[in-house]
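Asker: Okay, predicted coordinates and the sequence, questions at the end:
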Amino acid sequence: MTVTIAKPMIPGAATASVGRPDILVLTDVAKTYRPLNRADVVAICPTSITVADGEFVSLVGPSGCGKTTLLNLISGLILPSAGEIRFNGMPTNGPTGEMSLVFQRPVLLPWRRIIDNVMLPVQVMRLKPRAEYEKRARDLLDLVGLGGFEDAWPKELSGGMQQRAAIARALVYDTRMLLMDEPFGALDAMTREELNMELMRIWEVTGRTILFVTHNIAEAVLLSDRIVVMTPRPGQVREILTVDMPRPRSLETMAEPRFGEICNHIRSMLWHKPESRARRNGASGQ
Ligand SMILES: Nc1ncnc2c1ncn2[C@@H]1O[C@H](COP(=O)(O)OP(=O)(O)O)[C@@H](O)[C@H]1O
Ligand SMILES: [Mg+2]
């Protein structure tokens, strides 16, 4: 069966078309790792991306193309080799309390019970009223399927359960921006869909900005305003496309023909190598 593409793909503008100011601006950001006793690794070629305030943007690309590197650069955990990252108009020089991160692997403090791990940001930032945040933490633990494990220690939970606790911790208070690195990769399909819906709801209600890394193309299309498709390493933007599907979206959205078209378009970009390979193997420049 031939699928007719009724509407052309809308290439993403350099700036989001939603009319809100850019909160995150990456200008020609590059990263080369220089490991001791090993050859340099060019992880990111000069890359420019903008994210508007309140926008939901996903990064998709092959394994090793530098997605985690980009999130670590944006969060200030590592510094770029070249280029500039601005958040809310200011150059980033290190981690800021305005971004929360969900890593690929859960990073829980082993000496704190699960509820105390989820409440950690609330305690560190002395957020009040504490009782309300604790109720929210318990509700979030319920939502991610950890009701009843509030008083467990991290080592008593499986890897997937620990990751769910880490997701609850990232959602416990409203940071300006949420950076999520394949957060749902370790979850079963049903929990994943449930959390996709919950994440969309939280995003719609709180208006926070989300940058979301995923290998799952359907998940990216369902959730995002725009999708940044990256090339294989050294990573660079292959295409930025706007998901021109109305909101609110639901799981039924995935059954619409347009949804399938966009997924296929991204899939074909990931499967077909870019024409110019000149910049590979350590060559710099776009
Ligand atoms: N700390 C590091 N030192 C050296 N090389 C690294 C380091 N972190 C990542 N890399 C390399 O950088 C490239 C991009 O990695 P990464 O950002 O983790 O990719 P992705 O998240 O897209 O899978 C890979 O080739 C990886 O081996
Ligand atoms: Mg990664």
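Answerer: Received, thanks. Ligands and ions are numbered 1, 2, ... in the order given.

Asker: make it CA atoms for all contacts and neighbour counts henceforth
Answerer: OK.

Asker: Could you pull out the strands in the stretch 151-286 of the chain for me?
Answerer: Taking DSSP state E, counting those that start in this stretch to define them, one finds strands in the stretch 151-286 of the chain at 177-181, 209-213, 226-230, 237-242.

Asker: Among the ones you listed, which comes closest to residue 47?
Answerer: For those, distance to residue 47 was read as Cα to Cα. The smallest value, 6.5 Å, belongs to strand 237-242.

Asker: about what we covered before: distance to residue 273, mean neighbour count and mean pLDDT added to the strands of the stretch 151-286 of the chain, as a markdown table?
Answerer: Output for the strands of the stretch 151-286 of the chain, formatted as a markdown table (distance: least, Cα to Cα, whole Å; neighbours: other Cα atoms under 10 Å; pLDDT from 0 to 100):
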| stretch | distance to residue 273 | mean neighbour count | mean pLDDT |
| --- | --- | --- | --- |
| strand 177-181 | 24 | 23 | 93 |
| strand 209-213 | 20 | 24 | 96 |
| strand 226-230 | 11 | 24 | 96 |
| strand 237-242 | 10 | 19 | 95 |
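
Asker: So for the residue of the stretch 151-286 of the chain found nearest ligand 1, what's the nearest residue that isn't a sequence neighbour?
Answerer: The nearest approach of the stretch 151-286 of the chain to ligand 1 comes at residue 233, 6.5 Å away (Cα to the nearest ligand atom). For residue 233, ignoring the flanking residues on the chain, the nearest one in space by Cα to Cα, 6 or more residues apart in numbering is residue 65 at 4.1 Å.

Asker: what are the phi and psi values for that neighbour?
Answerer: phi -90, psi 0 (degrees, to the nearest 10).

Asker: residues near it, how many?
Answerer: Residues within reach of residue 65, counting by other Cα atoms under 10 Å, total 20.

Asker: circling back: can you redo the strands of the stretch 151-286 of the chain as CSV with distance to residue 197?
Answerer: As requested, these are exported to CSV (distance: least, Cα to Cα, whole Å):
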stretch, distance to residue 197
strand 177-181, 15
strand 209-213, 14
strand 226-230, 17
strand 237-242, 20
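
Asker: now what about the helix or strand encompassing residue 141, what contacts it?
Answerer: When secondary structure is defined using DSSP states H and E, the element that contains residue 141 is helix 130-143. Residues outside helix 130-143 that contact it (Cα atoms under 8 Å, 6 or more residues apart in numbering): 115, 118-119, 122, 127, 147-148, 150, 164-165, 168-169, 171-173, 195.

Asker: cool, and stretch 22-42?
Answerer: Contacts of stretch 22-42 with the rest of the structure, by Cα under 8 Å, 6+ apart, involve 15-16, 43-53, 69, 79-89, 233-234, 281-282.

Asker: Could you give me the buried positions within it?
Answerer: For stretch 22-42, the neighbour count (16 or more other Cα atoms under 10 Å) marks 22-32, 42 as buried.

Asker: residues contacting the residue of the stretch 151-286 of the chain closest to ligand 1?
Answerer: Contact partners of residue 233, counting by Cα under 8 Å, 6+ apart, are 42-44, 64-66, 280.
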